Structures are given as C-alpha cells and as structure tokens.
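*Asks:* Give me the fold of what follows.
(chains A and B)
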Amino acid sequence: MSFNILGNGLTGLQASQQALNVISQNIANASTPGYVRQRAILESQQTSPGANVYTGNSAQFMGVKVTGVERISSDFKTAALNAATGKQQALQAQADPLDNIQGLLQEPSTTGLSQVMSDFYQGWSTLANSTTVADPSATGTPVINGAAAGVVIQEGATLAGNLNSLSAGVSLEFGNQFANLTGLVTQVNTAAVTIAQLNQQIAQGQAGGNNVNAIMDQRDQAVLKVVQLTGATSYKLQDGSLGVTVSGVTLVQGNVANQMTITGAGTLEEATTNPAGLMIGTTKVSPSGGQAAGVLASLNVDLPSISATLDTIANGIRDAVNTVHSQGYTLDGTPGGDFFSGEGAAGLTVAVTSPDELAVSSIAGPSTDGSNAAKIGDLVSASAMSEVLGGAIAPQSVYSGMVTQIATQLQGLNTAIDSQTGVVSTAQAAVDSESGVDLNEELTNMILFQRSFQANARVISAADQMLQTLIGMVS
Amino acid sequence: MTRVTQLGQVNSSLAALQRSQNAAARLQEQAASSKRINKASDDPTGTAISIQLRNAQAANTQYTRNADYANGQLTTVDSTLQAIYNRLTQVRSNIIATTTTTSADSRSALSAQVTQIKSELQGLYNTQYQGRSIFGGTSPNGAVDASGTYIGDGNPVTVRLNAASTVRIDTDGSVIGAGEFSDVLDRISEGVMNGDAADQLSALDSIMNSVITANGQVGAIQNRVTASQTAISSQNADLQTSLAENEDVDYAAVLTAFSSQQVAYQAALGVTARINQTSLLDFLQ
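*Replies:* Numbering: from 1, shown residues only, chains lettered A, B, ... in the order given. Predicted coordinates for the structure are as follows:
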C-alpha cells in the first residue's frame, strides 16, 4: 500500500463539494419554470493494473472524480410536450375569433339578426292591415299610413344597419387576426435568432468541455416559444446544437436563423384571391400546429366563409324584398322601385326615403290596397322567401344555419381544447417527473454528500494520525 | 416509478384548481343568467331550436295583430250591415203603410222619410274602417258616389290568420246593393206618393236578402277569426313553454352541481395547501 490515503480523501472532499454545489443549484431552481435538474456524475478512479513498480500492486486507488454534470431530460418527453402544446395553441387560436364572432351574433336572444328580420317583415304586415288612415274620399287620393310606413322604413334601416355592423365586426376581427399573425411572426423571428445564438454558444462550450446546461434550459424555452407559435419540430445535431423546422422547412440550422415573413393581403375582401400565408426565405410554409395554424385557419377559412354567408343573407333579403316591392304600386298607382340597394352585408342600405314611395298596393292605380305589403310581410316565412328567390335557400335559414355551424365548430374546438389541455398536462407531468426538482430527493442527497464530506475529512485526519505515528517512531 | 417533483406538483395542482374553477364559473354563469344556453356554442342544436321557436313566436305575434285588426273591421262591417238592414226594413214598412194610408200628407211624410233613409244609406254604404272603405274594395273614393252609382273596385281586403290561410274582412258593395239602392229607393219614394210602391217590394226584398246573407257570412268569418285567435294564444303558450324548456336553466340541477363543485374546489385547495407544507425539511435538525 502507498500513502495515497490523503489524496483519496481530498478527491472525496472535492467530489462531495461539487455534488453539494449541484444540489444547491437544483434547490435554488426548484420552482424555476423550464429548469432541468442536474446531477454530478461521480466516477471512481483507479490506475491501470501493473502501473506501480514499487509496491507491485496491480492497481492504485485514486479516489473519486466528478466527470461531468448531467442534465436529466428526455428529448422524447420534451418533444411530446412541445407537440401537445403546439396543438393546444392552434385550437385556442382558431376558437378565439369564432368566439368573438359568436359574441357579435348574440344568438339565441331577442336582439339578434333573427329577431330584427322578423320585426322588419312584421312591420310590412302591419302596414298591409292599416295601409291608410286618412279619409281618402276627402282628397280623392289615398294617403299612406305615415306611422306604419315610417316603422317599415326604420325597421329596414335597422336590418341593414345590423348587417352592416356584423360585416364590419367580421372585417375588424380579420384585421385583428392579421395583426396577430404579424406580431406572431416577429416573435418567431426573435426566438429563432435566440436559438441560433444559443446554438453557437452551446457548440463552442461543449467543444471546450464547459457546462452549458443553463444555456440549454434557455434554448429549450426559446424552442417551446417557436413550437407554441408555429407547431415547429426540432432535432439534435452532432455538435449539440438544435435544428428547428416548420412544416419541413428549416427555420434554424446551427447558428443560422432564417427569416419568417407574411404573404397575402391583409384585408377580408382579398382573403380568397390573395390569402394570408407564411414563408421562410422563399419557401411557403403551412404550419400544422401552433397559434399560426389557428390564426391562418381563421383568416383563410372561417372568417371569409362567415363574411360570404353574411353577404348571401344581405343579398337574399335585398333581392327578395326588391322583387316583391317592384311588382307592386304605391297608393297613387306609381310602380314600385327598389326598397333596398347596395351590395353585400357591408353595403346594404334602404333605397326608399319617403313613406309615399312604398309599393304597398297591387293595383296599378289609386287605391287603398295593402296586398303587396302583405306579400312582403309573408316573406317572414322561409318557404315564401325561397319561392320568391327562385328556390334558393331563404336568408333566414342561411342565417340560422350559419349560427348553428359557428356554434357547432366552436363547441367542437372547445371540446378539443379541453381534451388537449388534458394531454398537455399529462405531457407536462411526464416532463416534470423526469426533469423537475424533487426537494426530498435533493435533501436526501444533501445529507448523503454532507456525510460523505465528513467521512472524507475523517479519512484525512486518520491518514494524518498514521503519519504522526510514523514520524514519532523516527524521532 | 413516477418521480413526484416540486414543479410537477405545482403544475398539476394549478391545472386541477383551474379546471375546478372553470367548471364553477360555467355553472355560476348559468345560475346568474338563468339560461342554460348563454352562447350558441353552449348547445348548437338547442340554439337552432331556439331560433326556430322565436321565429314561430314572432309570426304568431303578427297573426295575433292581424286577427285583432280583422276583428275590429269585421265588427264594423257587421254593425254597418245591420244598420243598413234596419233602414231597409223601415223602408219596407213604409211601403206596407202606404197600402193602408190614403192621406196625401201621410204619403208625403212617408215618401220624405224614404228619401231621408236613402241619404243615410249613402253614408252607411261609404262607411270606412281606418281610412279604407269597407264596401268599396280598395277604391280610394269609397263605394257609392253622390248619384248612387257603385264606384268600388271589388278588390278583396284580406288578412293572414296563420301560415296557411287568409280571410276576407270586407264585403263587396256590389253584392249588397250598393249600386241599386239609390234607384230603388228613388222609385219607392215616388211610388209611395203615387200609391204603386208595392211594385218595388221585390227589388227591395232582393237587396235586403243580399244584406242579410252578407251579414251571416261576416258573422261566420268573425267566428273563424275568434277561433284562430284562441288557437294562436294557446300555441303561443306552448311555444313559450318549449322555449323555456330549451333555454332556461334547471335551478335544482345547477345548484346541486354548483355546491358539489364547491366542495371539490375546497378539497383541492386544502390538499394543495397541505402538500406543499410538508417536506423532509420539517424533520431535519
């Protein structure tokens, strides 16, 4: 045996200290989001057999050494959590605008468009009953019931205004979502640059044998950000850096970050001809997850479809009412013109300005007839409406269909979000279980290395005594 | 074995508390608004049903207004026809009276009364309801002009009682003698003076018959309107019930769910507080 006891004791002290150092870092970050627990890797040291020529012992004990600090995380579990989070974000981003539109529609209630439509047709029926109030024989020309006619024009304006504001609401939502997409792309680009920079630091640090665990934590957070925004996937490269791709197109490779840009017009009018899209460099990307996927679905599918449906409703009402209105005559026998004018939900307005222009009569001459007004009032029935429109689906049915469709889609999304939230928390629990700090475990380890420190100190003191004994013999 | 970690415990406790609070908030919204469907997405099918029920309700409101209007006009038509019939009966009794009266003064008085009745009838035939002649169709000038000619256009005035049927609420003046009474009464007035008024009895009776027939028809239509009013109001009650069943909240169910939710929430809070209280630290000296 040789007097390696002191040296062994020293390595033990050093290893215990380092291990306690790592433990203290874990405890300090027990509640830090995204922190991945670390562990000192201890290895026993021994010389190769036959190395010691003096003692003839085949091996020398060389104590313990901390060979590295391990970062305990599972790439698989992290990837699963990222994917789940990306999907949840996509669903939420698609549900939000629909929820806002649903708020605009206010159905079922007594204030929604459905009620406004009914009120309008009721106004016509009432006018049909009391077409005139003044005694016509006094003047020889019939005078329209100004109050009832005024109500019809006012209800028409309310109906048109209601469709105008619904259309404006959908346009506004489109604008908000486009702005949202713009902000989102800025965040992606910032995060991509961060990942590239951290990649560089990690590759350099690992090559130099440094501990880069904290930088890896930061990079994981940045990757999570990109995943939440775009549903990106990441892969490890040889030098420790990460590659990030969005729908197969490279966003980050090593220390190079590509720029993501937005294409397409930012207006609802051009949503179908020039739809919103994302590009990385010159390649088009179609994210399958992340907020971007939800926002794009909303911009390119949901909102344009709602807007088109509102236009169908507005044009249907305009055409049907105008058709019947222009078949009739005013009370003095003048042929009726258009009641509504304008194109689409945004443009619908009441063309009639004075109660005298209302074609309430079916008789081509002076009369007190209100049968044409009654015909317009009958349009409250979907079948009568459909007949006037040549078999097309009645606007009121289109509307209730749209409300139901939005509601069903939103309900589906909400259910999916709920279940996806469950998936995310399971994935989160798996990651936490793998990489999170367990205080009890750390405290136990702390006791272990505290004891180890004490024991090694004891070893040194024992060696000291042995040396004392030897030296005493000499003197 | 799953490792239980600090952050893991916090995350899962938070998620559980969040879920619990969400569920409570949903129940609270229902209880506060007393509506089961607060947003269309709460129940898309229920929303579609609600829209349909409300449309049906709106249509019924209009049918009720129509029926009220019809009732008003029909009552006027009914009482006017009765007044016309009464006046014509007076004329008839005047004719009968001439057969027993030989005094020229009496005849002249009877004749003057007939002329007087003619002008009354002129007014009755031109009766209006809310600005529209009830016997003149949709003519703006009324039913009979000063010379006793029928000037109505015979266009029916109808109202819709329900989705399937409309009723006529006026009477065609040409059928109830609006164009003849003037001539007939002129002849009677002359005949009363001359003593040959009895020749006009058949013409007068024919007008009276047509008036009484029309009156019967109006009564029948009014019955129909009343029946329809009753049907609509009972239908409305049914619709209201259906709407309430579809949209309104079942308080007992919501409150029960809410209190059990509350218990679950408190338990979750309690457990979260306890779990994070104890650790190995409590036992280390």
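
*Asks:* in the chain, which helix has the most residues?
*Replies:* No chain specified, so I'll use chain A. helix A:146-207 (DSSP state H).

*Asks:* meant chain B actually
*Replies:* helix B:44-100.

*Asks:* Quote the end-to-end distance of stretch A:265-274.
*Replies:* End-to-end distance for stretch A:265-274, by Cα to Cα, to the nearest Å: 6 Å.

*Asks:* which residues touch that stretch?
*Replies:* With contacts defined as Cβ atoms under 8 Å, 6 or more residues apart in numbering or on different chains, stretch A:265-274 is touched by A:170-171, A:174-175, A:178, A:264, A:276, A:299-300, A:303-304, A:307. Every C-beta, even on glycine, is put in place using the N, C-alpha and C of the backbone.

*Asks:* rounded to a whole number, what's the mean pLDDT of that stretch?
*Replies:* Stretch A:265-274 carries an average pLDDT of 87.

*Asks:* mind listing what's buried in that stretch?
*Replies:* For stretch A:265-274, burial by neighbour count (16 or more other Cβ atoms under 10 Å in any protein chain shown) applies to A:266, A:268, A:271.

*Asks:* Which parts of chain A are strands?
*Replies:* Using DSSP state E, the strands of chain A run over A:38-46, A:61-71, A:233-236, A:242-246, A:249-253, A:256-257, A:260-263, A:277-280, A:283-285, A:340-341, A:349-350.

*Asks:* Any idea which residue is closest to the centre of chain B?
*Replies:* With distances taken as Cα atoms, centre = their mean, residue B:64 lies nearest the centre of chain B, 0.9 Å away.

*Asks:* Tell me how far that residue lies from residue B:132.
*Replies:* Counting by Cβ to Cβ, to the nearest Å, the gap from residue B:64 to residue B:132 is 21 Å.

*Asks:* Break down chain B into its strands, ranges please.
*Replies:* Under DSSP E, chain B gives strands at B:128-129, B:132-133, B:158-160, B:166-168.

*Asks:* Please name whichever of those strands is nearest to residue B:256.
*Replies:* Closest of the strands of chain B to residue B:256 is strand B:158-160, at 46.7 Å (criterion: Cβ to Cβ).

*Asks:* residues in contact with that closest one?
*Replies:* A:125, A:128-129, A:371, A:374, A:377-378, B:62-63, B:66-67, B:69-70, B:166-169.

*Asks:* Could you check how far residue B:77 is from residue B:125?
*Replies:* 12 Å.

*Asks:* returning to what we had before: could you look over the strands of chain B and pick the most buried one?
*Replies:* Across those, the average number of neighbours (mean count of other Cβ atoms under 10 Å in any protein chain shown) peaks for strand B:132-133, which reaches a mean of 29.

*Asks:* From the contact counts, what lies against it?
*Replies:* helix A:136-139 (3 or more Cβ pairs under 8 Å, 6 or more residues apart in numbering or on different chains; DSSP states H and E).

*Asks:* what about the helix it packs on, average pLDDT?
*Replies:* Here helix A:136-139 scores 59 as its mean pLDDT.

*Asks:* try stretch A:201-208
*Replies:* Mean predicted lDDT for stretch A:201-208 stands at 92.

*Asks:* cool, stretch A:430-437 as well?
*Replies:* For stretch A:430-437, mean pLDDT rounds to 90.

*Asks:* ok, now how distant is residue A:326 from residue A:370?
*Replies:* Residue A:326 is 17 Å from residue A:370, by Cβ to Cβ.

*Asks:* I misspoke; the intended subject was residue B:257.
*Replies:* Look at residue B:257 and residue A:370: by Cβ to Cβ, they are 53 Å apart.

*Asks:* Looking at those two, which is more packed in?
*Replies:* Each of residue B:257 and residue A:370 has its neighbours counted (other Cβ atoms under 10 Å in any protein chain shown); residue A:370 has more, 32 against 17.

*Asks:* list the contacts for the more buried one?
*Replies:* Residue A:370 sits in contact with A:127-131, A:360-361, B:157, where contact means Cβ under 8 Å, 6+ apart.

*Asks:* Who wins on neighbours among those residues?
*Replies:* Busiest of the contacts of residue A:370 [other Cβ under 10 Å] is residue A:360, holding 32 neighbours.

*Asks:* which phi and psi does it have?
*Replies:* Dihedral pair for residue A:360: phi -90, psi -20, per degrees, to the nearest 10.

*Asks:* And residue A:467, what's its pLDDT?
*Replies:* So, for residue A:467, pLDDT stands at 89.

*Asks:* try residue B:264
*Replies:* 86.

*Asks:* what's the distance between it and chain A?
*Replies:* Plainly put, residue B:264 is 17 Å away from chain A if you go by Cβ to the nearest Cβ, to the nearest Å.

*Asks:* What about that residue, how many residues nearby?
*Replies:* So residue B:264, with other Cβ under 10 Å, has 15 neighbours.

*Asks:* what's near enough to touch it?
*Replies:* Contacts of residue B:264 (Cβ under 8 Å, 6+ apart): residue B:20.

*Asks:* repeat for the one 4 residues further on
*Replies:* Each residue near residue B:268 by Cβ under 8 Å, 6+ apart is listed here: B:13, B:16-17, B:20.

*Asks:* Of these, which belong to helices?
*Replies:* Using DSSP H, those in helices are B:13, B:16-17, B:20.

*Asks:* want to try CSV for the contacts of stretch A:265-274, with neighbour count and distance to chain B as columns?
*Replies:* Shown next, in CSV, are these (neighbours: other Cβ atoms under 10 Å in any protein chain shown; distance: Cβ to the nearest Cβ, whole Å):
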residue, neighbour count, distance to chain B
A:170, 25, 16
A:171, 17, 21
A:174, 24, 20
A:175, 13, 23
A:178, 22, 24
A:264, 18, 28
A:276, 21, 25
A:299, 24, 20
A:300, 16, 21
A:303, 22, 16
A:304, 19, 20
A:307, 24, 18
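
*Asks:* Between which two of these is the distance greatest?
*Replies:* Maximum pairwise distance in the contacts of stretch A:265-274, criterion Cβ to Cβ, is 17.2 Å, between A:170 and A:264.
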